[in-house]
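Engineer: Have a look at this fold, sequence not included:
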């Protein structure tokens, strides 16, 4: 506290010059001047959505918010009526008196030092900064204008600002306006090779092929870039890349997730997702089939398969559990996933009480819960049983309706049919009760089917009273969230951070959009273009904004270290799947086979054995040993096919912040740790790829000397030619290591013994080992890990 | 480094709704938040008050040991062996599915003898002769209880404060809040061992960081040649080549940092340097050849075999000496649904000597005062038998009372806390639930568990969820 006061006074001294202390105190009490506190300027006009609700929500709603049971003093600040209502029956006392801070009880209570009356109260461990108090005062002074939370109002298409010369499409016009308002100007366009790499990764998760690179760099036509965008969108790798993102959201895994964590078959659903992205299925259909494909009139086999989305949650097989307790967890998981994946709202907060921040009551939570509560399923599923309900995928399905599954060796050699969990509703309606404290064994009153009314009431005259109706409700034009949440996530995947940076939370505790008009424009565009994801992606990647260089000049670093105003191109650490796939692709090892059962590439031995139960106990107790695959058709597949065991995830994925798939996740963290360095330095797969690429380059007759090999390796790994200086440094490194390996030929051979890929007898082992090490160095460069 | 630190820290604090996120930064940059003096300088937010403990070693007995064969002496049960548990005691409370359908709930008197030890006069069973000798250093809590009745949710609850997955582990919270006191080692280390019992699997999520940055994940150290995953350089690569490579990598990265102006690149360079230091410091740590014979006499001969509980207990002491904040051991196999006496005896033999040795060793080295040692499982076992009362009977899971012990790090020594009824079914006095245990642990680190929060998805999460009281009675 003392520290804060000191800052305030020193600022005052700085502002007032000759003001003496008494004057300062008078000023403090009168709150009249615009002041800077801790470097922040009180805005000329205080905006409720931007400045005030975030404070009220974070510091006040816990006791004066939507949760009626916890509401104190009968005051609620989350609604306009509540905030301006009289505090007493005489109508003389008001928390907020527009235009009159002195008469507003709220102001008195936030400034008093008396522990019995100060707000927030001491035992809440919450407090308001001086700056926040002044914002509140100024807002009241300016008339206390109330606004609804932006995200709960349906987006309308805003006017596109005047586009400068720089703009290539409306995205740029919106971006430029904000950028300039923050004193920034666009960066120049990125170099062609760097731009190519960036584009290829964001759209397909893979680097461009050498042939694509050569063609694009030579293509001088004005529409070369636009044609490249179309080529990449049409590539099968596009579907895999967006499926990879979707698997996080859908909490996809290859095991059930609790205790013994036995395998499950979900990959046919995953292949349907890849297929759907590759055919650019309209997103409303994509989501509708997944939420309720089984309820579609004349549901096809593909629709049934799509509905498996709802069954990706964990399922327990631990003996002794109480069946209903876990069944309720599964229903809750589906409900929470609906909130996070499609609505960007933390529905789960209303499971045990009314939501503390957002307008979602507990009854509405269970009203939404009831859509997912109709499944004829069990909470406890014995080991080795496929949890009901499931469909049986037979050869006939593959021939007729699901041809994308057909080419798989799994079916060629494997069983005639596989059991794939799907969604179904029971014949009758299971009544849903509100559960006290969210507990399975404490049912309260029965609740009707509902959605949070503040988002959009569920009108049963318009929507069918089931999941199919719910899917239609999501895509109703008045639904304020679905389109925004979707385009925001696409933005995040392309630019690194969403326009709303809290992709998972558009509620009152979420971040505010940096570019609200742009977000709304994109959302309306998306809705009106028939929910065409590729069209939105085209807009984003063809924009001048995306095409900027990502070099950070001093001015950026000072004014916008996080690049929220987009005066430079995106630069962020890629997800692990991109990093590993780059290693496989650039070394030529990548097997581009699409879909099929999960694969088990190399991982350090012994990890499963340390955690799993004893193999001897009972063969039905799950997989004890990780038996790595050996065939090239499996170990060099893209990383989204790597076997995801929930309780023991692949360790490299874990090190690089990949979610463990316990719950729906819409945003990955991007940490930077020493364990990541160890993975990149010592993972056998990186070393093997380095060895294989070194061997190939050294035996390429077109490359006359090591220098040429290094240069080519550089191009393969980083999609650009090395600068002269870089090449010199790398050659110097190569030469040192070459000499050392010449003295130690056994060491060279030992180094090259890594991996399963056949080693062609090296003519010059020392050279190959040195080149291998040089390539491994390239894979560890910051640039190889970054978009 | 300095300008970078300042910049990142500013943006980090700015971004974080609560500001406490800045604490993580030292760890992110591979720098100690606290240096060796353990003074947290980070924004002065933690600790909230003077800590008693600086480190914790948590000896988790996975599978749930039977309190009736180890700590909670119930002579009355012997007298009533084979008789039905009175319904008035059970009061219709829920049972796990394993025994819920049993027609009968016969009481099982322990066949193990108990004696009183030390000045505290604590009752300890003959299965724990070494633990018996250190009772005056321990605070034995007989009144623990939990909400969970199955292993997966119960372990998850103890370690994360929530039965369902998705919250950070205690060690991750402490790593995040207090950072590491050793810049060459992670702040949170996990060691696993397996006994000859009924093993229940563990999920690595119970040392996961969930929504906290992944640098705060527990790092598993393993027995054998490769103590940390990916730590070992490939065969054929000597240390000079590795160093050459890292030098060149740093040079090219720094060049890129100049070109791109991105401070993250400097951070990457320092992470590679920390990785390199770990390559030396970890094998140095796990190489026990510098321990005198007296160490192995103290911990037992098993301590010479990598991967055993005894070896892990010794490693835990070495990790503590080097400033690692949270060392989490798991010994698996206590789940005695059958073969109660055989299994419990074997597992007790695995852990008894080394657990006691660890406390003694820390005490002799003057480390016990600032090191909290915890011994316990995820729940207790039933007073009634599972299966028929032949030789092979066991005890089912029991959440309503069980025993753990704590020592050092600000805990009152020589104390028995809490009381259970004569059937060992319910807590009679001084109940301690899992959130209370966690709140107390945080308190010992100078942290008010209600104020140590992390904003995620618009909510302030804390280890103790919405509950937990510090157990004042057991504080020294």
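Structural biologist: That came through fine. What you see is a predicted model; the values in this text were computed from it and never measured.

Engineer: Let me know the helix or strand that residue B:348 is in.
Structural biologist: In this structure, residue B:348 sits in helix B:340-364 according to DSSP states H and E.

Engineer: Would you mind pulling up the elements that that helix packs against?
Structural biologist: The helices and strands touching helix B:340-364, judged by 3 or more CB pairs under 8 Å, 6 or more residues apart in numbering or on different chains; DSSP states H and E, are strand B:55-62, helix B:129-133, strand B:188-198, helix B:293-299, helix B:309-321, strand B:326-334, strand B:371-376, strand B:394-398. From N, CA and C alone the C-beta is placed, and that goes for glycine too.

Engineer: Now with 6 Å, please.
Structural biologist: Helix B:340-364 sits against helix B:129-133, strand B:188-198, helix B:293-299, helix B:309-321, strand B:326-334, strand B:371-376, with contacts defined as 3 or more CB pairs under 6 Å, 6 or more residues apart in numbering or on different chains; DSSP states H and E.

Engineer: After the last one, which helix or strand is next?
Structural biologist: In this case it means strand B:371-376. strand B:380-386.

Engineer: buried sites along that following strand?
Structural biologist: Residues B:380-386 are the ones in strand B:380-386 that count as buried (16 or more other CB atoms under 10 Å in any protein chain shown).

Engineer: Neighbours of residue 185, how many?
Structural biologist: With no chain named, the answer covers chain A. Counted by other CB atoms under 10 Å in any protein chain shown, the residues lying close to residue A:185 total 11.

Engineer: think we crossed wires, I meant chain B
Structural biologist: 24.

Engineer: where does it land in three-state SS?
Structural biologist: Per DSSP: H, G, I helix; E, B strand; the rest coil, the secondary structure class of residue B:185 is coil.

Engineer: where's the nearest residue to it once chain neighbours are set aside relative to residue B:195, distance?
Structural biologist: Leaving aside its sequence neighbours, residue B:185 sits nearest to residue B:324 (CB to CB, 6 or more residues apart in numbering or on different chains; 5.4 Å). Separation of residue B:324 from residue B:195 (CB to CB, to the nearest Å) stands at 24 Å.

Engineer: Any regions of chain B where pLDDT drops low?
Structural biologist: B:1-44 (pLDDT under 70).

Engineer: Can you give the domain ranges for it?
Structural biologist: Listed by automatic domain parsing, the domain ranges of chain B are B:1-70+B:155-187+B:204-339+B:446-476, B:72-91+B:101-126.

Engineer: got the residue ranges for the helices in the stretch 351-500 of chain A?
Structural biologist: Assigned by DSSP state H, counting those that start in this stretch, the stretch 351-500 of chain A shows helices spanning A:362-369, A:395-400, A:409-413, A:467-474, A:482-495.

Engineer: Check the ones you listed for me: which has the lowest mean pLDDT.
Structural biologist: Taking the mean pLDDT of each of those, the lowest value is held by helix A:409-413, a mean of 60.

Engineer: what number of residues lie near residue 400?
Structural biologist: No chain in the question, so chain A it is. Residue A:400: 12 neighbours (other CB under 10 Å).

Engineer: look at chain B instead
Structural biologist: Residues near residue B:400, counting by other CB under 10 Å: 22.

Engineer: That one and chain A, how far apart?
Structural biologist: Distance from residue B:400 to chain A, counting by CB to the nearest CB, to the nearest Å: 16 Å.

Engineer: residues in contact with that residue?
Structural biologist: Residue B:400 sits next to B:145, B:426 when contact means CB atoms under 6 Å, 6 or more residues apart in numbering or on different chains.

Engineer: Would you mind listing what in the stretch 151-300 of chain A touches chain B?
Structural biologist: A:258-259 (CB under 6 Å from any CB of the partner chain).

Engineer: one more time with 10 Å
Structural biologist: Neighbours of chain B within the stretch 151-300 of chain A, by CB under 10 Å from any CB of the partner chain: A:257-261.

Engineer: What segments of chain B are helices?
Structural biologist: B:2-15, B:24-28, B:75-79, B:87-90, B:129-133, B:151-160, B:170-178, B:239-260, B:263-286, B:293-299, B:309-321, B:340-364, B:434-444 (DSSP state H).

Engineer: can I get the ones you listed in CSV with mean neighbour count?
Structural biologist: What follows is these, written out as CSV (neighbours: other CB atoms under 10 Å in any protein chain shown):
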stretch, mean neighbour count
helix B:2-15, 14
helix B:24-28, 23
helix B:75-79, 14
helix B:87-90, 12
helix B:129-133, 19
helix B:151-160, 26
helix B:170-178, 28
helix B:239-260, 17
helix B:263-286, 20
helix B:293-299, 16
helix B:309-321, 25
helix B:340-364, 22
helix B:434-444, 24
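
Engineer: got the ones you listed as a markdown table, with distance to residue A:678 columns?
Structural biologist: A markdown table is the format used below for those (distance: least, CB to CB, whole Å):
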| stretch | distance to residue A:678 |
| --- | --- |
| helix B:2-15 | 23 |
| helix B:24-28 | 16 |
| helix B:75-79 | 52 |
| helix B:87-90 | 52 |
| helix B:129-133 | 38 |
| helix B:151-160 | 25 |
| helix B:170-178 | 18 |
| helix B:239-260 | 12 |
| helix B:263-286 | 5 |
| helix B:293-299 | 29 |
| helix B:309-321 | 18 |
| helix B:340-364 | 29 |
| helix B:434-444 | 30 |
